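Trainee: coords please:
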Amino acid sequence: MFPSADAGSVTAYLDPTVRWPQRLVRGRRSPGSEIVAVYVNTDYPASVSLANALIEVIRRRKSLACDVQFYFVNSSEEWPVPQAYTRAALVLNLSTLYNRHICIDTLGANGIQPNQDYTNTAAQFAAANQFLPSYLCQRRHRSTDDAHAGFWHYWAYLEASVQLPTRPQPWHIIPSHSINTIAISSDPLYMASSMFPHSQLPDAFAQLVLQIIVSLNGLEEKFHHSTFVWLPVSLWHYVEYDHAQFCIILFVASIFSTTYSEYQLRGISITPLFVTLLLTPVAAAAVFQVAGWGAVAAASAAFSLLFRLLMGHVNSGMLLSFNAIALCLLIILQPACGLVAGAAAAIQVSFIHNALQNRPAMAVGAAVSSALAYYFIYHLRLPLFGVDGISELFVSFVIYPNAVWIGSRLLCLLY
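Mentor: Residues are numbered from 1 along each chain as shown. Coordinates of the predicted model:
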């Protein structure tokens with residue numbers, strides 16, 4: 001059942017002029033302690049026009065029980081964080097009001113998602129107003145192929161979460177853990193082919209945003225906490241990833257058990273060689289800047305050979321401990337990324353322990369580990385040395401060093 005929210009015709013109010021940096025529109029029934037935050041990206045005149053029209057519509061509405069705070073900001077400045085109690089935040093990032101294909105951007109800083117009920121509401125209202133929404137606009141190198149294939153959609157969303165640091169958005173400054181935030185953007189894949197310049201689409205956009213605001217106005221309390229751990233299989237179907245996380249945590253527990261046995265046999269300490277292993281992505285990134293991917297492959301082989309020569313002075317215990325701690329932090333700080341990068345690290349760890357001395361198995365491990373590093377660094381375009389997000393840090397200081405170390409263990413068994 002949709003809320004009663006008729007925006008009517010807004011054509012007369014479509015003004016692309018930025019009149020205020022902020023504008024608070026009081027609800028007629030508001031006690032003044034709660035707001036819905038609406039961020040307007042002033043880089044796009046279409047977003048400003050829609051916001052100005054909405055202000056006029058909301059000013060005349062008599063049934064709102066909360067205030068609506070509009071922030072007019074551009075992508076180059078730091079976006080303000082509301083100081084009042086905020087039911088949710090909505091970002092208007094529309095480059096045109098004449099395109100039915102829109103994006104509902106759900107990923108915040110470090111891949112944290114808003115409550116599932118919020119995104120469901122936005123998607124349903126969009127479909128009811130004849131829009132064609134997508135959750136995958138934050139994914140790099142996105143295509144329209146297989147958009148209805150469940151596993152493809154699920155994996156594409158996971159990849160978008162991992163790639164998030166490479167495409168930061170200004171609304172990522174909004175604290176995702178405390179303020180549920182979604183952004184409505186124009187879909188860049190359909191910018192030229194789906195324009196309707198003489199249609200009533202601006203009225204439909206105003207209706208969509210007003211319905212979202214009115215639905216947030218009807219909340220009696222905060223969103224329920226149990227609907228934050230979801231991943232979309234399609235626009236209308238979701239899965240929860242708690243069970244997958246639990247499996248990874250069990251694997252982490254087994255790593256700690258294995259590491260403790262290693263500690264009892266050989267002891268564990270942070271050595272200069274271990275620090276050198278963690279710094280290999282820095283050297284590889286420098287090589288890439290000079291000579292490209294071929295040189296990175298050669299440098300990685302050279303790093304593995306170097307640690308093969310020094311293998312008698314180090315053991316795998318410290319690296320196993322480091323992987324276990326990093327996996328725990330990854331699951332806590334960027335849960336969706338923990339499913340992809342965490343599973344990759346779990347596979348790599350299977351080939352790190354000193355007890356594995358089988359040459360064919362280690363050859364398979366080296367090939368798989370190198371393929372995983374290739375997938376993150378080349379296919380997903382994550383930097384060899386990246387510090388802008390949790391996923392970049394994990395790939396740089398866990399996935400790549402693991403691949404180098406497993407390569408050195410293979411060389412140790414061969415020569």
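Trainee: report how many residues lie close to the nearest residue to residue 150 once chain neighbours are set aside.
Mentor: Computed as Cβ to Cβ, 6 or more residues apart in numbering, the closest residue to residue 150 that is not its neighbour in sequence is residue 233, at 4.3 Å. C-beta: built from backbone N, CA, C; applies to glycine. With neighbours defined by other Cβ atoms under 10 Å, the count for residue 233 comes to 17.
Trainee: in contact with residue 233, which residues?
Mentor: Residue 233 is in contact with 150-151, 153-154, 239, counting by Cβ atoms under 8 Å, 6 or more residues apart in numbering.
Trainee: swap in residue 90?
Mentor: For residue 90, the residues meeting the contact criterion (Cβ under 8 Å, 6+ apart) are 36-39, 181-184, 209, 212-213.
Trainee: quick one: which of those residues sit in strands?
Mentor: Secondary-structure check on these using DSSP state E: residues within strands are 36-39, 181-184.
Trainee: which stretches of the protein have low pLDDT?
Mentor: Low-confidence regions of the chain, defined by pLDDT under 70, span residues 1-7, 30-32, 140-148, 191-198, 220-226, 242-246, 251, 253-269, 311-315.
Trainee: returning to that earlier point: now render the ones in strands among the contacts of residue 90 as a markdown table, adding neighbour count and distance to residue 63.
Mentor: As requested, those are arranged in a markdown table below (neighbours: other Cβ atoms under 10 Å; distance: Cβ to Cβ, whole Å):
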| residue | neighbour count | distance to residue 63 |
| --- | --- | --- |
| 36 | 26 | 14 |
| 37 | 24 | 20 |
| 38 | 25 | 18 |
| 39 | 25 | 24 |
| 181 | 26 | 25 |
| 182 | 26 | 23 |
| 183 | 26 | 26 |
| 184 | 23 | 23 |
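Trainee: pipe the residues you listed into CSV and attach distance to residue 48 per row.
Mentor: Converted to CSV, these look like this (distance: Cβ to Cβ, whole Å):
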residue, distance to residue 48
36, 18
37, 16
38, 12
39, 12
181, 19
182, 19
183, 15
184, 14
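Trainee: ok, of those residues, which one's closest to residue 272?
Mentor: When the ones in strands among the contacts of residue 90 are compared for distance to residue 272 (Cβ to Cβ), residue 181 comes out closest, at 44.1 Å.
Trainee: in this protein, which spans are helices?
Mentor: In order along the chain, the chain carries the following helices (DSSP state H): 45-59, 116-128, 150-163, 201-217, 242-266, 272-278, 280-291, 293-309, 317-333, 335-349, 359-374, 390-394, 400-414.
Trainee: out of the contacts of residue 233, which are buried?
Mentor: 153-154 (16 or more other Cβ atoms under 10 Å).
Trainee: name the nearest of the contacts of residue 233 relative to residue 334.
Mentor: Where the contacts of residue 233 are concerned, and distances follow Cβ to Cβ, residue 334 has its nearest neighbour in residue 154, at 16.9 Å.
Trainee: now the residue nearest to the closest one when sequence neighbours are not counted: how far from residue 127?
Mentor: Distances taken as Cβ to Cβ, 6+ apart put residue 233 closest to residue 154, at 5.0 Å, once the chain neighbours are dropped. Distance, residue 233 to residue 127, using Cβ to Cβ, to the nearest Å: 17 Å.
Trainee: over to residue 379?
Mentor: Using Cβ to Cβ, residue 379 is found at 32 Å from residue 127.
Trainee: neighbour count: those two, which is higher?
Mentor: In terms of neighbours (other Cβ under 10 Å), residue 127 is the more surrounded of residue 379 and residue 127; the figures are 14 against 11.
Trainee: which non-adjacent residue is nearest that one?
Mentor: Distances taken as Cβ to Cβ, 6+ apart put residue 133 closest to residue 127, at 7.0 Å, once the chain neighbours are dropped.
Trainee: who's the one you found bridged to?
Mentor: According to DSSP bridges, residue 102 are recorded as the beta-bridge partners of residue 133.
Trainee: correct me, but it touches residue 235?
Mentor: Yes. With contact defined as Cβ atoms under 8 Å, residue 133 reaches residue 235; the gap is 6.5 Å.
Trainee: one step back: closest to residue 123 among the contacts of residue 90?
Mentor: Within the contacts of residue 90, distances to residue 123 taken as Cβ to Cβ reach their minimum at residue 182, with 9.7 Å.
Trainee: residue 52 versus that closest one, what's the distance?
Mentor: With distances defined as Cβ to Cβ, the gap from residue 182 to residue 52 amounts to 21 Å.
Trainee: what does residue 153 give?
Mentor: If you measure residue 153 against residue 52 using Cβ to Cβ, the figure is 35 Å.
Trainee: and residue 202, by the same measure?
Mentor: When residue 202 is compared with residue 52 (using Cβ to Cβ), they lie 11 Å apart.
Trainee: what is in contact with the two at once?
Mentor: Taking Cβ under 8 Å, 6+ apart as the criterion, residue 202 and residue 52 both touch residue 14.
Trainee: in the stretch 1-150 of the chain, which spans are strands?
Mentor: In the stretch 1-150 of the chain, strands defined by DSSP state E, counting those that start in this stretch lie at 22-25, 34-41, 67-73, 85-93, 101-105, 132-134, listed in chain order.
Trainee: deepest of the ones you listed, which one?
Mentor: By mean neighbour count, with neighbours taken as mean count of other Cβ atoms under 10 Å, strand 34-41 ranks first of these at a mean of 24.
Trainee: could you check the angle strand 67-73 makes with that one?
Mentor: Strand 34-41 and strand 67-73 are oriented at 20 degrees to each other (axes from the mean of the first three to the mean of the last three Cα atoms, to 10 degrees).
Trainee: and for stretch 363-378, what are the contacting residues?
Mentor: Contacts for stretch 363-378 (Cβ under 8 Å, 6+ apart): 162, 293, 300, 341, 344, 347-348, 350-351, 356, 382-384, 395, 399-400, 402-403, 406-407, 409-410.
Trainee: kindly recompute the last result at 6 Å.
Mentor: Applying Cβ atoms under 6 Å, 6 or more residues apart in numbering, the contact partners of stretch 363-378 are 344, 348, 351, 382, 384, 395, 399-400, 403, 406-407, 410.
Trainee: which parts of it are buried?
Mentor: By 16+ other Cβ under 10 Å, the buried positions in stretch 363-378 come out as 365-366, 368-370, 372-373, 375-377.
Trainee: so for residue 270, which of the strands of the stretch 1-150 of the chain sits nearest?
Mentor: Between residue 270 and those, the shortest gap by Cβ to Cβ is with strand 101-105, which sits at 40.5 Å.
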